[in-house]
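Student: starting from these lines, generate the structure:
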Amino acid sequence: MKLLVTGFGPFPGVHHNPSGQIALAIGRSARLKRQGVQVSAHELIVTYAALPDLAALIASEKPDAILMFGIAARTKQPRLEKRGENRTRPLSVDASGTRPKSRKLDDYAPLIRNVRVPLEPLRLAIARQGFKPKLSNNAGAYLCNAVLFTALGERPQTPTIFVHVPKLSRDGIRRMAKAGEELGAMLLAQARRT
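Tutor: Predicted coordinates for the structure are as follows:
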């Protein structure tokens, strides 16, 4: 089974992004390797121009499950996102200093793409690592939302989730990566059932 894991690199206002570190740590997971899981981990560039690269990555790797992380610096606890929205924040610049050209990510796509995975068991898996995760209806209008919306459109039947994390200590990154291993295994179990 193939698991694609993504996080982000730095961007304006966030010079150290724990989401990329979490994704790369899951990519090195001995636990998942022992389970026969092929993990492909990537730290994404925080630019709108990179969205086609993400779509191409998903199309070429054909993962059985997709686990995505991003930072929500103002939040205190992790959030599991329920949906991606076809919107941008035109006044926000990305890591390259570029603003989105449109208020929509895709003029021909629906307004909302919902996550098709039962989130409560995943929330409990994160809670077992000492966090107090919440379910969220709003992934924002920046690149976190954009990658979730893109991934849900590229492989609609593939179990896909997005976890927003707060600023984390080294121990917090370690615990979130451990939770991520469990999330990945649970997503792959879901993929086997479908």
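Student: use CA for all of it now, contacts and neighbours both
Tutor: Noted.
Student: from the centroid of the chain, which residue is nearest?
Tutor: Met68 (1.8 Å; CA atoms, centre = their mean).
Student: please tell me I have it right and that one contacts Phe8.
Tutor: No. Using CA atoms under 8 Å as the test, Met68 is too far from Phe8 to be in contact (9.1 Å).
Student: strands of this structure, start to end?
Tutor: For the chain, the strands defined by DSSP state E occupy 2-8, 38-44, 65-71, 79-81, 83-85, 112-114, 134-136, 160-165.
Student: reformat the ones you listed as TSV; add distance to Cys144.
Tutor: Output for the strands of the chain, formatted as TSV (distance: least, CA to CA, whole Å):
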stretch	distance to Cys144
strand 2-8	9
strand 38-44	10
strand 65-71	6
strand 79-81	10
strand 83-85	9
strand 112-114	14
strand 134-136	13
strand 160-165	8
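Student: so which of those strands is nearest Ile173?
Tutor: Of all the strands of the chain, strand 160-165 sits nearest to Ile173, with 9.3 Å by CA to CA.
Student: which outside residues touch the closest one?
Tutor: Contacts to strand 160-165, defined as CA atoms under 8 Å, 6 or more residues apart in numbering, come from residues 18-19, 65-73, 75, 77-82, 115-117, 148, 151-152, 187.
Student: repeat that for stretch 139-148.
Tutor: With CA under 8 Å, 6+ apart, stretch 139-148 has contacts from 46-48, 51, 54, 68-70, 81, 83-89, 92, 94, 105, 161-162.
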